[in-house]
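Engineer: A predicted structure for the sequence below; I have some questions about it.
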Amino acid sequence: MKVLILGATGFVGSYLMERAIGAGHAVLGTHYNATIDTRDWAPYQDRLLRCDIRYREQVDEAIRRSRPDVVYLLAAQSYPALSWQAPLETLDTNVLGTANVYEAIRASGLDPVVVVACSSAQYGEVAAEDIPVRESHPMRPLHPYGVSKVATELLALQYHANAGIRSVCARIFNTTGPRKTGDVCADITQRVARIEAGLLPPALKVGNQDTWRAITDVRDLARALELLAAHGEAGGVYNISGATTYQIREIVAAAQASSRVPLSIETDPELLRPSDEKVIFGDSSKLVAATGWKQEFALARTLDDMLAYWRAIYGVRGQAA
């Protein structure tokens, strides 16, 4: 099978690349402004093509070279907090970039399945009685990133309805794991490792600890996306959410307990967002019914693996607390 992974040097894309290569597929990935460490994508750099999806000719070249059976559309500005600082760039990449991808596929005459990375951020604030949120819930995003992902999904569904392109939309809830940067689990575990290495003072700075999040390990997410490529309904929309919610202070406490040096907890106003959903938790029953997917990685395992990843980067040895 021929696979094109747009955004292969991003967090999720790197795991899909490794899995597709390991399965023996003919894989081409694209890279632009990588969001993971160079060492994490260096093993497959010979399978990468530079492609900024804001430029149609570059997307055309990626489609021409790969002639894919499956396309994973992961290339995006994927940080909600950054979207407040760069709303125009976020919309340019995520909305116009998506249109470029679909126009390139339509012009190619090929018939790939296109698995589109959408987001739980599309829902915005959800009332307690509607949690876990289902795919039928109205979309009321709270930041430019969420708005951009609503548009991404609607474009994917429009191209399915009007051009017959087999789009499968995955509304991805909070996902983390080794290599991740820019989410609460990554930030906290990285800071712990930096404190252990003597690079920060022994005060773990945190933002809002009162919110609740269902969390999925990236390795479980990558498997879910593969299952949707094989079994998802064209024109379908599927939540991919962890089955358990955790209050952020639980994650902070777990990281504090795992630290090899004593540390205190401090709230940093710079880490507080202008708006923040109180609970993010999705109903994944539609995904499970279609594919048989289930989580295999518990949060404790994920956090342990993330700490091990950061400790290796910062040269933290096994010193005792």
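Structural biologist: Alright, I've got the coordinates.

Engineer: Please, where are all the strands along the stretch 201-321 of the chain?
Structural biologist: 203-206, 212-214, 216-217, 236-240, 245-247, 264-267, 279-280 (DSSP state E, counting those that start in this stretch).

Engineer: Going along the chain, name the helices of the stretch 51-200 of the chain.
Structural biologist: 56-66, 80-85, 87-91, 97-108, 144-163, 184-196 (DSSP state H, counting those that start in this stretch).

Engineer: still on that earlier bit, which one of the strands of the stretch 201-321 of the chain lies closest to residue 96?
Structural biologist: With Cβ to Cβ, the closest approach to residue 96 among the strands of the stretch 201-321 of the chain belongs to strand 236-240: 21.5 Å. Just so you know, the C-beta spots here come from the backbone N, C-alpha and C atoms, and that holds for glycine as well.

Engineer: Mind checking the pLDDT average for the closest one?
Structural biologist: Mean pLDDT, computed over strand 236-240, is 98.

Engineer: Just want the angle from that strand to helix 144-163.
Structural biologist: Between strand 236-240 and helix 144-163, the angle comes out at 150 degrees (axes from the mean of the first three to the mean of the last three Cα atoms, to 10 degrees).

Engineer: Show me how far strand 236-240 is from its chain's centre.
Structural biologist: 14 Å (Cα atoms, centre = their mean, to the nearest Å).

Engineer: Partner strands of it, with direction?
Structural biologist: The strands beside strand 236-240 in its sheet (DSSP bridges) come out as strand 166-172 (parallel).

Engineer: Tell me the gap between the partner strand and the middle of its chain.
Structural biologist: Between the centre of strand 166-172 and the centre of its chain there are 13 Å (Cα atoms, centre = their mean).

Engineer: Over to stretch 267-276?
Structural biologist: When distances are taken as Cα atoms, centre = their mean, stretch 267-276 is centred 21 Å away from the chain's centroid.

Engineer: To residue 47, which of the strands of the stretch 201-321 of the chain lies closest?
Structural biologist: Nearest of these (Cβ to Cβ): strand 216-217, 24.4 Å.

Engineer: which strands and helices sit next to that closest one?
Structural biologist: Under the contact definition 3 or more Cβ pairs under 8 Å, 6 or more residues apart in numbering; DSSP states H and E, strand 216-217 sits against strand 175-176, helix 299-314.

Engineer: can you redo these as TSV with distance to residue 154, mean neighbour count and mean pLDDT?
Structural biologist: Listed next are the helices and strands packed on strand 216-217 as TSV, based on distance: least, Cβ to Cβ, whole Å; neighbours: other Cβ atoms under 10 Å; pLDDT from 0 to 100:
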stretch	distance to residue 154	mean neighbour count	mean pLDDT
strand 175-176	22	26	98
helix 299-314	32	18	97
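
Engineer: how close does the residue nearest to residue 163 when sequence neighbours are not counted get to residue 117?
Structural biologist: Nearest residue to residue 163 in three dimensions, chain neighbours excluded: residue 106, at 5.1 Å (Cβ to Cβ, 6 or more residues apart in numbering). Distance from residue 106 to residue 117, counting by Cβ to Cβ, to the nearest Å: 20 Å.
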